[in-house]
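Visitor: this one's structure only:
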């Protein structure tokens, strides 16, 4: 079984996805996020179609676990079951999860995320406090205004897999300061 510390992080992550704040996560939340993301990025019709499909598939597999809707207890249960069954496979699942979503949101395929791109990601997820989002971004220590996708992906993998509460967790810190 995962530690209370790790379970508390999964609960924080779950809150990220309840875009419409109705107490459950479902494809309505996914639709809100992916539509807003596509609109804010001013994607062409072809790009929008591709992003919408990729976003939808990612949500179905990694957030909804193939189900129609998800409650926090069920989400935690599924995460914990996968974690208990095989920690190495769970880590691999989370790495794939975050590599995929980071590649989806890197719409210009340059391997980096700029502050503008980061703000679009955060606004798409329903975040409205731009100053907190920018603080989160700055904690990644951007170089020339950009953060490598790999750095962002790895920080989220650590957030969802690391049980060591003494290790600095950039994503957890962002949740704690209100992101």
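Guide: Nice, thanks for sending it over. Remember, predicted model here, so these are calculated numbers, not experimental data. Numbers count the residues shown, from 1 in each chain.
Visitor: What ranges does the protein have for its helices?
Guide: For the chain, the helices defined by DSSP state H occupy 4-17, 27-40, 45-58, 72-85, 87-105, 115-124, 130-138, 149-161, 170-176.
Visitor: buried ones in stretch 160-169?
Guide: 160, 161, 162, 169 (16 or more other C-beta atoms under 10 Å). Backbone N, C-alpha and C define where each C-beta goes, glycine included.
Visitor: List the contacts of it.
Guide: Stretch 160-169 is contacted from outside by 2-3, 5-6, 9-10, 13, 79, 90-91, 94, 97-98, 155, 158-159, using C-beta atoms under 8 Å, 6 or more residues apart in numbering.
Visitor: at 10 Å instead, please
Guide: Stretch 160-169 is contacted by residues 2-10, 12-13, 79, 83, 87, 90-95, 97-98, 139, 155, 158-159, 171-172, 175-176 when judged by C-beta atoms under 10 Å, 6 or more residues apart in numbering.
Visitor: Just the buried ones from those, in ChimeraX syntax?
Guide: In ChimeraX syntax, the buried subset of the contacts of stretch 160-169 is picked out as below (16+ other C-beta under 10 Å):
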select :2,6,7,9,10,12,13,79,83,90,93,94,95,97,98,139,155,158,159,171,172,175
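Visitor: so can I have JSON lines of the helices of the chain showing mean pLDDT?
Guide: As requested, the helices of the chain are arranged in JSON lines below (pLDDT from 0 to 100):
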{"stretch": "helix 4-17", "mean pLDDT": "96"}
{"stretch": "helix 27-40", "mean pLDDT": "92"}
{"stretch": "helix 45-58", "mean pLDDT": "93"}
{"stretch": "helix 72-85", "mean pLDDT": "97"}
{"stretch": "helix 87-105", "mean pLDDT": "96"}
{"stretch": "helix 115-124", "mean pLDDT": "94"}
{"stretch": "helix 130-138", "mean pLDDT": "96"}
{"stretch": "helix 149-161", "mean pLDDT": "98"}
{"stretch": "helix 170-176", "mean pLDDT": "96"}
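Visitor: ok now do residue 172, which residues does it touch?
Guide: Taking C-beta under 10 Å, 6+ apart, one finds 5, 8, 9, 12, 13, 155, 158, 159, 162, 165 in contact with residue 172.
Visitor: Can I get the helices of the chain in JSON lines including distance to residue 64?
Guide: JSON lines is the format used below for these (distance: least, C-beta to C-beta, whole Å):
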{"stretch": "helix 4-17", "distance to residue 64": "9"}
{"stretch": "helix 27-40", "distance to residue 64": "7"}
{"stretch": "helix 45-58", "distance to residue 64": "10"}
{"stretch": "helix 72-85", "distance to residue 64": "9"}
{"stretch": "helix 87-105", "distance to residue 64": "12"}
{"stretch": "helix 115-124", "distance to residue 64": "17"}
{"stretch": "helix 130-138", "distance to residue 64": "25"}
{"stretch": "helix 149-161", "distance to residue 64": "16"}
{"stretch": "helix 170-176", "distance to residue 64": "21"}
